[in-house]
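K.L.:
predicted structure and sequence below. I'll ask about it afterward.
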Amino acid sequence: MPAASSEMNREALPSSLALSELAYIVQTGRIPNALLFYGPRGTGKKQAALFFAQACNCRTNNGRPCNLCASCKKIAAGMHPDMIFIGPAENKKMITISQIRDMGSIIASRANEAAFRMVCILNADLMTPQAQNALLKMLEEPPEHTFFILAVAQTAPLLPTILSRCRRIDFQALADHEIKKMLCTQYGLDPETAHIISGTAGSDLDQALRLSGLNKAGAPDWKMLRPWLIKEICRFPATPPHQKAFKGLDLSRRLSARPEYILDVMAVLRTVFRDFCILKYRSDKIVNLDFLSVFKDISMMHSYTRMLTWMTLFHETEKRLESNSGTRLTLDRFFLSLVVS
């Protein structure tokens, strides 16, 4: 159960009340047995967990990581043996009792080198009831110098007895302009690229950081995926009527062939249909500035009512995907709906 890889450093984190509270906890020296990181998806909970783990184990001992000592560097690189991350297994929707038991076997032994060992359960609200009961026993009798972080977007699925044993830290969603500023000042992105990424990710900091990163093994090249997808969508309205259904189904087939990328695909499509709708009135507010001239041509060819219909169809498609409808059938339905809209 290796630690999650990360290039996180202190500057990669947004300023927030949550981080200030975590730094204060470290300064007091009273590390809770369990913390609940609560907030919307993509608000930097994982980065904050790494920040807290670094601060707890940093040799400077001033409440914040120095990013220079061996411990800070190992945690930042995802190489520290005592930093344990748990989440739903690949292609699984829930965290199972076997995952919690495996973790329990690890923490039953002494930590390898950390002063404070961390167990971070990402999407802890996806634990099965059996997994929660197994975790509860560990929270009731936690190993010495081990703390748990439960990162959640909702608390309702968790047992009240688990919630009662956690110190809650609230995380707030970041505005697009805050993420854009961070990408420019802390990652060196040019303003236009930062604008596009922050607009595509919305308030999802995790997605923005991933989209702004260099190509990683197994990840799509977003810089190639995005322009290709936008061009395909822009060509769609001009496709001859007798070819539209075929083109739509072919595009659906190609997109659904890589379900692991569907969140990125939907994020790009969301910005495209949004830009179509606002272009007539606020062209300065569109996300995809590099496609402004193409979008203007499409805006002149189609009525505002039609573009609102496209946006409505897209939102309905998002809801179906969120309710676990089949990706291929859902996208087929979406593109065929565009044909007749």
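P.N.:
Received, thanks. Residues are numbered from 1 along each chain as shown.

K.L.:
can you list contacts of the helix or strand of the chain with the lowest mean pLDDT?
P.N.:
Of all helical and strand segments in the chain, the minimum by mean pLDDT, DSSP states H and E falls on helix 205-212, at a mean of 81. Outside helix 205-212, the residues that touch it by Cβ atoms under 8 Å, 6 or more residues apart in numbering are 12, 14, 41-44, 46-47, 174, 179, 183, 187, 189, 193-194, 197-198, 200-201, 219, 222, 263-264, 267. The way it works is simple: take the backbone N, C-alpha and C, and place the C-beta from them, glycine included.

K.L.:
same deal with stretch 188-201?
P.N.:
42, 176-177, 179-181, 183-184, 187, 207-208, 211-212, 226, 267-268, 270-271, 287-290.

K.L.:
please apply the same query to stretch 274-284.
P.N.:
With contact meaning Cβ under 8 Å, 6+ apart, stretch 274-284 is reached by 285-288, 291-292, 295-296, 298-299, 302, 304, 307-308, 310-311.

K.L.:
can you say which of the residues you listed are buried?
P.N.:
286, 287, 288, 291, 295, 298, 299, 307, 310, 311 (16 or more other Cβ atoms under 10 Å).

K.L.:
what's the burial count for the nearest residue to the first one once chain neighbours are set aside?
P.N.:
This means residue 286. Nearest residue to residue 286 in three dimensions, chain neighbours excluded: residue 275, at 4.1 Å (Cβ to Cβ, 6 or more residues apart in numbering). The local packing of residue 275 (other Cβ atoms under 10 Å) involves 24 other residues.

K.L.:
list phi and psi for residue 275.
P.N.:
Its backbone dihedrals place residue 275 at phi -60, psi -40, with angles given as degrees, to the nearest 10.

K.L.:
one step back: and the least confident helix or strand of the chain, which residues are buried?
P.N.:
Burial within helix 205-212, assessed by neighbour count using 16+ other Cβ under 10 Å, is assigned to 205, 207, 208, 209, 210, 211, 212.

K.L.:
not counting sequence-adjacent ones, nearest residue to the third one?
P.N.:
Take residue 208 and drop its neighbours on the chain: the residue closest to it by Cβ to Cβ, 6+ apart is residue 201, 3.8 Å away.

K.L.:
for the stretch 201-341 of the chain, which segments count as strands?
P.N.:
Secondary structure of the stretch 201-341 of the chain (DSSP state E, counting those that start in this stretch): no strands present.

K.L.:
what's near enough to touch residue 115?
P.N.:
Under the criterion of Cβ under 8 Å, 6+ apart, the contact list for residue 115 reads 56, 57, 145.

K.L.:
from those, which ones fall inside helices?
P.N.:
Counting by DSSP state H, the part of the contacts of residue 115 found in helices is 56, 57.

K.L.:
can you tell me how far the nearest residue to residue 266 once chain neighbours are set aside is from residue 269?
P.N.:
Counting by Cβ to Cβ, 6+ apart, residue 318 is the residue found nearest to residue 266 once chain neighbours are left out, at 6.2 Å. With distances defined as Cβ to Cβ, to the nearest Å, the gap from residue 318 to residue 269 amounts to 9 Å.

K.L.:
what do you get for residue 71?
P.N.:
If you measure residue 71 against residue 269 using Cβ to Cβ, the figure is 42 Å.

K.L.:
what number of residues lie near residue 98?
P.N.:
Counted with other Cβ under 10 Å, the burial measure for residue 98 works out to 13 neighbours.
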